[in-house]
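J.: Prediction below, plus the sequence it came from.
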Amino acid sequence: MPRVVVIGGGWAGCSAAVAAKKASAGEVILLERADMLLGTGLVGGIMRNNGRFTAAEELSAMGDDIFNTIDKVARHSNVEFPGHKHVTLYDVARVEPAIRQLLAYYDIKYNFLARVRDITMDGQRIKSVITDKDDEVYGDVFVEATGTAGPQSQCSKYGNGCAMCIIRCPTFGPRISIAARAGIQEMIGRKADGSLGAMSGSCKLHKDSLSEAIVKELNTKGVVVVPIPDRLKKPDSLSIKACQQYALKEFADNVILLDTGHAKLMTPYFPLDKLRQIPGFENARYEDPYSGGVGNSMRFTALSPRDNTLKVQGIDNLFCGGEKAGLLVGHTEAIVTGTLAGHNALRQALGEKLLILPETLAIGDAIAHVGEQMQSVNGLKVKYTFSGAQYFERMQEKGLYTTDIQAIKERVAKAGLSGVFARPVKRAAICR
């Protein structure tokens with residue numbers, strides 16, 4: 001059976017690995033440059049807000065079990081904060097071990113400190129990837145889930161410099177784009193003003209550095225909203241965010257905290273001396289990025305051209321998931337694209353017809369819509385997510401957003417895709 005190599009162990013890479021194995025890959029090897037899985041998922045924590053609920057239930061109905069694993073380590077469920085409903089907040093300390101257990105259950109090999117620095121090619125096919133340790137890993141098909149943030153030079157070029165974030169480029173080396181190494185011309189996302197890149201949308205505060213009252217409310221309710229004095233407000237804080245679903249006035253007028261184990265501060269950065277002038281934050285300390293008073297990681301600087309099967313155009317055996325697949329923001333978005341990429345990678349290796357998710361499903365519509373929008377300069381200025389902004393509006397207009405789980409299951413069944421990601425790929429499998 002085919003050997004699938006996944007590069008990048010974030011949400012997209014882990015989801016791709018699981019999907020490939022469940023589809024009947026003989027061996028799946030996951031290569032991660034750092035010492036832990038999940039990447040930005042180690043400091044994320046938000047699931048099921050707004051249309052992400054719909055997408056998560058669609059994927060679950062199609063046979064994925066990633067979201068079930070995440071739900072088991074939730075700190076809070078059915079939380080509301082400005083502009084967002086029925087939110088699940090997972091524990092950022094417990095989620096990574098839970099995903100390791102899931103990979104072990106499926107007998108997926110994962111190698112840490114395995115930064116891929118180069119590749120070998122045979123015509124339009126990738127033969128192998130080469131790590132910093134000079135290990136050469138061969139595969140029949142490859143999935144790139146390396147993300148689009150970093151290296152440090154990108155953060156200096158398009159942002160405020162390295163903020164010492166969870167990606168940890170100085171420690172584990174810069175992110176390398178496999179598609180670019182294969183000679184593919186990649187795209188760069190833009191901010192609303194036309195400048196390149198986008199800044200990550202949140203920071204983490206050490207919970208014990210906050211007042212007892214804030215910590216108590218945070219632990220109990222999962223969310224705290226504290227008004228910002230007018231003299232401390234940042235008028236430009238919303239336009240620079242990658243996470244435009246949080247670009248609401250409430251996020252400029254208030255400090256909004258979410259409980260993910262850390263206190264998740266819903267802003268790209270906040271100068272520490274000003275943050276400490278807000279009641280309850282007198283002793284505040286950043287947990288990630290450590291320089292959260294200056295800036296955050298720059299993203300969307302390496303988008304792969306791909307079709308709606310998530311195959312990278314120009315390479316016969318390379319698929320992409322997560323931010324590599326386009327201007328899709330968030331963990332849910334990484335999981336759904338990673339799952340499709342891993343599943344189709346196995347189909348490609350078997351010579352089977354690739355799966356395109358229909359636009360009657362929110363996931364299929366999002367993948368198609370973002371792929372189309374990235375072809376224009378204006379489209380590259382927009383960030384797309386199931387949870388807000390432009391794409392959530394589209395979901396609602398098309399009648400794709402719902403929290404009715406039974407209706408979601410029926411929608412998936414009508415498309416002929418119930419359990420499609422749970423069963424081995426066979427020549428008689430239904431393809432759409």
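T.: Okay, I see it.
J.: what bits of the stretch 201-350 of the chain have low per-residue confidence?
T.: Low-confidence segments of the stretch 201-350 of the chain (pLDDT under 70): 234-248.
J.: In terms of secondary structure, what does the one helix or strand residue 96 maps to contact?
T.: Using DSSP states H and E, residue 96 maps to helix 95-105. Applying 3 or more C-beta pairs under 8 Å, 6 or more residues apart in numbering; DSSP states H and E, one finds that helix 95-105 makes contact with helix 11-22, helix 66-71. C-beta coordinates here come from the backbone N, C-alpha and C atoms, glycine included.
J.: mind running it again at 6 Å?
T.: The contact analysis (3 or more C-beta pairs under 6 Å, 6 or more residues apart in numbering; DSSP states H and E) places helix 95-105 against no helix or strand.
J.: From the chain's centroid, how far away is it?
T.: The chain centroid and the centroid of helix 95-105 are separated by 17 Å under C-alpha atoms, centre = their mean, to the nearest Å.
J.: quick check: angle from it to helix 11-22?
T.: 20 degrees (axes from the mean of the first three to the mean of the last three C-alpha atoms, to 10 degrees).
J.: now helix 95-105: mean pLDDT?
T.: For helix 95-105, mean pLDDT rounds to 98.
J.: I would like the residues contacting that helix, please.
T.: For helix 95-105, contacts defined as C-beta atoms under 6 Å, 6 or more residues apart in numbering pick out 14, 36, 37, 38, 69, 73, 110.
J.: and the first one, what does it touch?
T.: Residue 14 sits next to 37, 99 when contact means C-beta under 6 Å, 6+ apart.
J.: Repeat that for the second one.
T.: Shown here is residue 36, whose contacts under the criterion C-beta under 6 Å, 6+ apart are residue 96.
J.: That one and residue 93: what is the separation?
T.: Look at residue 36 and residue 93: by C-beta to C-beta, to the nearest Å, they are 11 Å apart.
J.: Quick check: neighbours shared by the two?
T.: Common neighbours of residue 36 and residue 93 (C-beta under 6 Å, 6+ apart) do not exist.
J.: Can you get me a residue count around residue 259?
T.: Other residues near residue 259 number 23, with proximity taken as other C-beta atoms under 10 Å.
J.: before we move on, what about residue 68?
T.: Neighbourhood size, residue 68 [other C-beta under 10 Å]: 11.
J.: which residue sits closest to it, ignoring its sequence neighbours?
T.: Spatially, and ignoring its direct neighbours in sequence, residue 68 is nearest to residue 60 (6.9 Å; C-beta to C-beta, 6 or more residues apart in numbering).
J.: give me the number of residues near that neighbour?
T.: 20.
J.: ditto for residue 47
T.: Using other C-beta under 10 Å, residue 47 has 23 neighbouring residues.
J.: Bridge partners for it, pull those for me.
T.: residue 88 (DSSP bridges).
J.: I figured it was touching residue 89, is that so?
T.: No: taking contacts as C-beta atoms under 6 Å, residue 47 lies outside contact range of residue 89: 7.6 Å.
J.: ok so, going back, name the strands paired with the next helix or strand after the helix holding residue 96 and say parallel or antiparallel.
T.: In the C-terminal direction, the helix or strand that comes right after helix 95-105 (DSSP H and E) is strand 109-111. Strand 109-111 has the following strand partners under DSSP bridges: strand 27-31 (parallel).
J.: Please parse this structure into its domains.
T.: Following the assignment in automatic domain parsing, the chain carries domains at 3-194+298-414, 198-288.
J.: Pull out the buried residues from the helix or strand harbouring residue 224.
T.: Taking DSSP H and E as the definition, one finds residue 224 inside strand 223-227. For strand 223-227, a neighbour-count test (16 or more other C-beta atoms under 10 Å) marks 223, 224, 225, 226 as buried.
J.: Just the C-alphas of that strand, formatted as CSV.
T.: Extracted in CSV, the C-alpha atoms of strand 223-227 (Å, rounded to 0.1, in the frame of the first residue of the first chain):
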residue,chain,number,x,y,z
VAL,A,223,-15.0,34.9,29.0
VAL,A,224,-14.2,38.3,30.5
VAL,A,225,-14.9,41.7,28.9
VAL,A,226,-13.1,44.7,30.4
PRO,A,227,-13.6,48.2,28.9
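J.: same for it, what does it pack against?
T.: Partner elements for strand 223-227 (3+ C-beta pairs under 6 Å, 6+ apart): helix 212-221, strand 254-259.
J.: Of those, flag the one that's most buried.
T.: Stretch with highest mean neighbour count among the helices and strands packed on strand 223-227: strand 254-259 (a mean of 23; mean count of other C-beta atoms under 10 Å).
J.: That one versus strand 223-227: what angle between them?
T.: Strand 254-259 runs at 160 degrees relative to strand 223-227, counting by the same axes, to 10 degrees.
J.: which strands and helices sit next to strand 254-259?
T.: Using 3+ C-beta pairs under 6 Å, 6+ apart as the contact test, the elements touching strand 254-259 are strand 223-227.
J.: And the contacts of the strand it packs on?
T.: In contact with strand 223-227 (C-beta under 6 Å, 6+ apart) are residues 79, 81, 214, 217, 218, 254, 255, 256, 257, 258.
J.: wait, the fifth one sits on residue 258?
T.: Looking back up the chat, that one is residue 218. No: Residue 218 is beyond contact range of residue 258, at 8.0 Å (criterion: C-beta under 6 Å).
J.: number of nearby residues for the spatially closest residue to residue 293 that is not a sequence neighbour?
T.: Among residues not flanking residue 293 along the chain, residue 272 sits closest, at 3.8 Å (C-beta to C-beta, 6+ apart). Using other C-beta under 10 Å, residue 272 is surrounded by 16 other residues.
J.: Tell me the strands beside the helix or strand residue 80 falls within, with direction?
T.: Taking DSSP H and E as the definition, residue 80 sits inside strand 74-81. Strand 74-81 has these partner strands in its sheet, going by DSSP bridges: strand 84-90 (antiparallel).
J.: quick one: buried residues of the partner strand?
T.: 84, 87, 88, 89, 90.
J.: Of those residues, just say which sits nearest to residue 408.
T.: Closest approach to residue 408 among the buried residues of strand 84-90 (C-beta to C-beta): residue 88, at 16.0 Å.
J.: returning to that earlier point: can I get the helices and strands packed on strand 223-227 in TSV including distance to residue 350?
T.: Listed next are the helices and strands packed on strand 223-227 as TSV, based on distance: least, C-beta to C-beta, whole Å:
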stretch	distance to residue 350
helix 212-221	49
strand 254-259	42
